[in-house]
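Enquirer: my questions are about this predicted structure, shown below with the sequence.
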Amino acid sequence: DEVVRILNQERQNFPRSRAALSLLGYAYYHMQDFVAAEQVYGQLTAICPEVDEYKIYHAQALLKAGLYEEATQVCTTVE
């Protein structure tokens with residue numbers, strides 16, 4: 001929980017920080033907060049559309065959150 005608090009604070013200071021967002025998505029995923037993880041990974045894919053790894057993490061979080069149709073849509077964007 002403290003990691004999430006610190007990373008959210010960093011995200012407020014640097015809203016487009018790729019490092020903070022990536023770590024935050026990872027933390028949420030491993031805390032099994034898949035809705036929060038998919039939101040963060042969605043932001044990452046918007047900031048870095050060329051990084052397929054973020055798209056895959058986004059799709060995984062969507063699947064875990066039970067958002068199957070959205071996950072399928074994200075999968076179609078992976079090259």
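Expert: Alright, I've got the coordinates. Residues are numbered from 1 along each chain as shown.

Enquirer: what separates the residue nearest the centre of the chain from Asp52, distance-wise?
Expert: The structure's the chain has its C-alpha centroid closest to Tyr41; by C-alpha atoms, centre = their mean the separation is 1.7 Å. Tyr41 is 12 Å from Asp52, where distance means C-beta to C-beta, to the nearest Å. Any C-beta I mention is one placed from the backbone N, CA and C, and that applies to glycine too.

Enquirer: also Arg11?
Expert: Taken as C-beta to C-beta, the span from Arg11 to Asp52 is 23 Å.

Enquirer: higher neighbour count, those two?
Expert: Counted by other C-beta atoms under 10 Å, Arg11 and Asp52 do not tie: Arg11 has more neighbours, with 17 against 13.

Enquirer: so what's that one up against?
Expert: Contact analysis of Arg11 by C-beta atoms under 8 Å, 6 or more residues apart in numbering lists Ser17, Ala20, Leu21, Leu24.

Enquirer: what's near enough to touch the residue nearest to the centre of the chain?
Expert: Gly25, Tyr54, Tyr57, His58, Ala61.

Enquirer: Asn8: neighbour count?
Expert: Asn8 has 13 nearby residues by other C-beta under 10 Å.

Enquirer: would you map the helices across this structure?
Expert: 2-13, 18-30, 34-47, 52-64, 68-75 (DSSP state H).
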